[in-house]
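K.L.:
A predicted structure for the sequence below; I have some questions about it.
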There are 2 protein chains.
Amino acid sequence: MPKYEEIANIIRQRIKQGRYPANTLLPNQTDLVQEFNASRMTIKKAMTILTMEGLVLSRRGAGTKVLDHSFWDKSTAPADQYHGMSHDLADIGKTLSSKIIMFEVIFPTPEVKARLMLTEQQPVYQIIRLRIIDGINSVLEHTYMPVSLVPGLTDEVLKNSIYTYLKESLHLTFAGAFRNIQADKADEYDQAYLDCAPTDPVLEVEQVVYLDNGQPIEYSKSRNRYDRRGYTFLDVKNT
Amino acid sequence: MPKYEEIANIIRQRIKQGRYPANTLLPNQTDLVQEFNASRMTIKKAMTILTMEGLVLSRRGAGTKVLDHSFWDKSTAPADQYHGMSHDLADIGKTLSSKIIMFEVIFPTPEVKARLMLTEQQPVYQIIRLRIIDGINSVLEHTYMPVSLVPGLTDEVLKNSIYTYLKESLHLTFAGAFRNIQADKADEYDQAYLDCAPTDPVLEVEQVVYLDNGQPIEYSKSRNRYDRRGYTFLDVKNT
DNA sequence: TAGTGGTCTAGACCACCGG
DNA sequence: CGGTGGTCTAGACCACTAC
C-alpha cells in the first residue's frame, strides 16, 4: 500500500475517533510532514483522498477543516461501489441472500454485445437474481458476463457473491464502472419478484464494470424497489 | 489555470479530435515530459484527470490506453455537475426555459435547517421552478437557499440561471455537493406540472451544494419525469 | 530484460486568508 | 504581514508488463 494511502487511513481513523473533531482544523501540512516523515507532496496526496471522500475541506491560506456530514441519511447505499452488494451491506450490519431466477448461456443481443465489446459468436451468461435484504425482496438483478472471462460459474457462486469469486478465485481486479440511474415503471418480473404493485416505481441502475486492462466484464441492470434503496454520492470539485 | 490542467485539456482535445485514436496507446510519460516541458509528476497529474474522466486507462508496464465509450447513451445527464442545468444543456444543444411556481421567504423547517446548517431564525427562500427542456415540462425543482447568503434574488434571476447569478454577480465558488437519488411516485405537484399520470414514476435527485468555505448554500429536490432524464456517472478506482 | 507507469523526496515559488 | 495550502521540478527507485 502506498504511503499516502496509509497516511490517509490514519488521519481518517483519527477523524472518526474524534481526535480531530468536526469543524476544527487539521494540523498543517508541514507538521504532518514531520509526524509521518514524508514529503509534502505525499501529505498533499493523502489530503486529496480525504477531500474526495468529503471528510475535509482545504483552503489556501486558511488550513484544512474537518467536515461534519452526520446529518446525512445513511440508509441509502453509496453509489461509488463496484464490488457487489455483499460487501456494502455487511458493513452496515444487514443480511443479504440471493435467489437464482435464471442462469443460462446465450449469444449476446446487440445491446449486450456493444456494452461488453464482444462479437456475436462469444457466448455470455444471462443471470437473473433476486436479492433479499433483511428478509425483504429488494433488488432484481439482470446480469450479463462473457463466458470466456468467467469460467466455472456455478449456482453455488451465484448464491453467494459473484465479486468475491472474481476477486479471490479468478484474481481479477477492476478499473471502475460506468453507471446510469433512471426511474421506470414496474415490469412483469418486478411485479412477480419484488412484490410490486403495477403502479409502483422502480429505480434502475445500469452499469458496465471494467477490468483493470480495460475489458468489460459485466453489464447489468439492477431494479430496486423504490422504497427500499436509493443511491448517494459525493461530487467534489477537482483538486 | 495550473499547468497540469492545461496539459489535460490539450490531450483531451487531441483524443476527441482523433489524433490519439481509441484503443491506441498515448505517448509515454517521458515523451510527454519533453513535449510539454514539464516534470513527470505534472504529467502524471494530468493523466489522473483524464483517468477520472474515463478517457484513458493507465497500467504500469503497459502504457496508457485511450478508451472508447461512444456506445454509451448520451441522452442522460452526467451526475457530477453542480453548476446548474443551463450549463449542461447548452453543451448538447438543448434549450431550457423556466417557469416560477413559487417564490417565498420562510423560516426553515427542521429538515431544511439541518441540511443548510441554520438556526430557526435565519430565513430561507423557498422556490419551486418548472424546468422546460426543448418545450417539454421535464423537471420540477424545489429549492431552499439561505437569504443571508443570496441577497437580491429576483424573479428575473430565477427565470434564467441561479448559478450564473451566484458565480458572476455574487462571485461565489463551490466546493461540491452531496446527492441522493431515489425513485418515487408522482405527487400532486408532479401530476399538475410535469403532466404525469398518477401512476407515473418520478426520479428524485436530492442535493446539498456547498461553497468552498464549507457552508451549504442550497438544498434542493429535483423531480424528473422518468422518461425525460436519467443520470450517468463514472466510478474510477482510486489512482 | 527493456520499457512502462506509480511513488516518493527535498526544496522552491506562489496565491491566498487572516489578523 | 506571517502562515497556510497549491503547484512544480529534477531526479530517484520500484513494480509491473510484454517480449
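P.N.:
Yes, it's here.

K.L.:
Does the helix or strand residue A:44 falls within reach DNA strand C?
P.N.:
Secondary structure from DSSP states H and E places residue A:44 in helix A:40-52. Yes - interface with DNA strand C: helix A:40-52 contributes A:40, A:41, A:42, A:45 (CB under 7 Å from any atom of the strand). Placement of C-beta: from N, CA and C, glycine included.

K.L.:
the inter-axis angle of the helix of greatest length in chain A versus helix A:40-52?
P.N.:
The single longest helix within chain A, with elements called by DSSP state H, is helix A:3-17. Following axes from the mean of the first three to the mean of the last three CA atoms, to 10 degrees, one obtains 50 degrees for the angle between helix A:3-17 and helix A:40-52.

K.L.:
list the helices and strands helix A:3-17 packs on?
P.N.:
The contact analysis (3 or more CB pairs under 8 Å, 6 or more residues apart in numbering or on different chains; DSSP states H and E) places helix A:3-17 against helix A:29-36, helix A:40-52.

K.L.:
just checking, what packs against the helix or strand that comes right after the longest one?
P.N.:
When you say that, I think you mean helix A:40-52. Downstream of helix A:40-52, the next assigned helix or strand under DSSP H and E is strand A:56-59. Counting contacts by 3+ CB pairs under 8 Å, 6+ apart, strand A:56-59 packs against helix A:40-52, strand A:63-66.

K.L.:
What is the shortest one packed up against?
P.N.:
Put plainly, it is strand A:63-66. strand A:56-59.

K.L.:
Show residues contacting stretch A:183-194.
P.N.:
Outside stretch A:183-194, the residues that touch it by CB atoms under 8 Å, 6 or more residues apart in numbering or on different chains are A:101, A:128, A:130, A:137-140, A:196-204, A:223, A:225-226, B:183-184, B:199-203, B:224, B:226, B:230.

K.L.:
The nearest residue to residue A:148 once chain neighbours are set aside: neighbour count?
P.N.:
Nearest residue to residue A:148 in three dimensions, chain neighbours excluded: residue A:122, at 6.2 Å (CB to CB, 6 or more residues apart in numbering or on different chains). Neighbours of residue A:122 under the rule other CB atoms under 10 Å in any protein chain shown: 15.

K.L.:
Where does residue A:122 sit: helix, strand or coil?
P.N.:
Following DSSP: H, G, I helix; E, B strand; the rest coil, we place residue A:122 in the coil state.

K.L.:
wait, it sits on residue A:146?
P.N.:
Yes - the pair residue A:122 and residue A:146 passes the contact test of CB atoms under 8 Å, sitting 6.1 Å apart.

K.L.:
Would you mind saying which of the helices and strands packed on helix A:3-17 lies nearest residue A:3?
P.N.:
Distance to residue A:3, taken as CB to CB, is lowest for helix A:40-52 among the helices and strands packed on helix A:3-17, at 5.6 Å.

K.L.:
Just want the angle from the closest one to helix A:29-36.
P.N.:
Using the same axes, to 10 degrees: helix A:40-52 against helix A:29-36 is 100 degrees.

K.L.:
quick revisit: average pLDDT for the helix holding residue A:44, rounded please.
P.N.:
For helix A:40-52, mean pLDDT is 95.

K.L.:
what's the answer for stretch A:221-237, then?
P.N.:
Mean per-residue pLDDT for stretch A:221-237: 85.

K.L.:
Pick out the residue of chain A closest to chain B.
P.N.:
Residue nearest to chain B within chain A: residue A:201 (2.9 Å; CB to the nearest CB).

K.L.:
Contact residues of chain A facing DNA strand D?
P.N.:
A:25-26, A:28-30, A:40-41, A:44, A:47, A:58-64, A:213, A:239.

K.L.:
Contacts only, for residue A:207.
P.N.:
A:82, A:177, A:178, A:179, A:180, A:218, A:219, A:220, A:222.

K.L.:
thinking again about what came up before, tell me the contacts of the residue nearest to residue A:148?
P.N.:
A:107, A:108, A:146, A:147, A:148.

K.L.:
re earlier: export the contacts of residue A:207 to CSV and append columns for distance to chain B and neighbour count.
P.N.:
CSV is the format used below for the contacts of residue A:207 (distance: CB to the nearest CB, whole Å; neighbours: other CB atoms under 10 Å in any protein chain shown):
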residue, distance to chain B, neighbour count
A:82, 6, 18
A:177, 5, 23
A:178, 6, 21
A:179, 6, 22
A:180, 5, 19
A:218, 13, 27
A:219, 11, 24
A:220, 14, 19
A:222, 12, 22
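
K.L.:
what's the closest of these to residue A:235?
P.N.:
Taking CB to CB as the measure, residue A:235 lies nearest residue A:179 of the contacts of residue A:207, at 13.7 Å.

K.L.:
Which helix or which strand is home to that closest one?
P.N.:
Going by DSSP H and E, residue A:179 is in strand A:174-185.

K.L.:
where in chain A is pLDDT low?
P.N.:
For chain A, the stretches with pLDDT under 70 are A:70-92, A:237-239.

K.L.:
okay, now the domains of chain A?
P.N.:
A:3-66, A:77-230 (automatic domain parsing).

K.L.:
With distance to residue B:94 as added columns, please give these in CSV.
P.N.:
CSV is the format used below for those (distance: least, CB to CB, whole Å):
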stretch, distance to residue B:94
domain A:3-66, 30
domain A:77-230, 18
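
K.L.:
Indicate which one of those is closest to residue B:36.
P.N.:
With CB to CB as the criterion, residue B:36 lies closest to domain A:3-66 of the domains of chain A, at 19.0 Å.

K.L.:
so what's the nearest residue to residue A:186 once chain neighbours are set aside up against?
P.N.:
With sequence-adjacent residues excluded and distances taken as CB to CB, 6+ apart, residue A:186 is closest to residue A:196, at 4.1 Å. For residue A:196, the contacting residues are A:186, A:190, A:202, A:225, by CB under 8 Å, 6+ apart.

K.L.:
Does residue A:196 belong to a helix, a strand or coil?
P.N.:
Under three-state DSSP, residue A:196 comes out as coil.

K.L.:
Give me the phi and psi for it.
P.N.:
phi -90, psi 150 (degrees, to the nearest 10).

K.L.:
Please tabulate the helices and strands packed on helix A:3-17 in CSV, including the columns distance to residue A:96.
P.N.:
Output for the helices and strands packed on helix A:3-17, formatted as CSV (distance: least, CB to CB, whole Å):
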stretch, distance to residue A:96
helix A:29-36, 38
helix A:40-52, 27
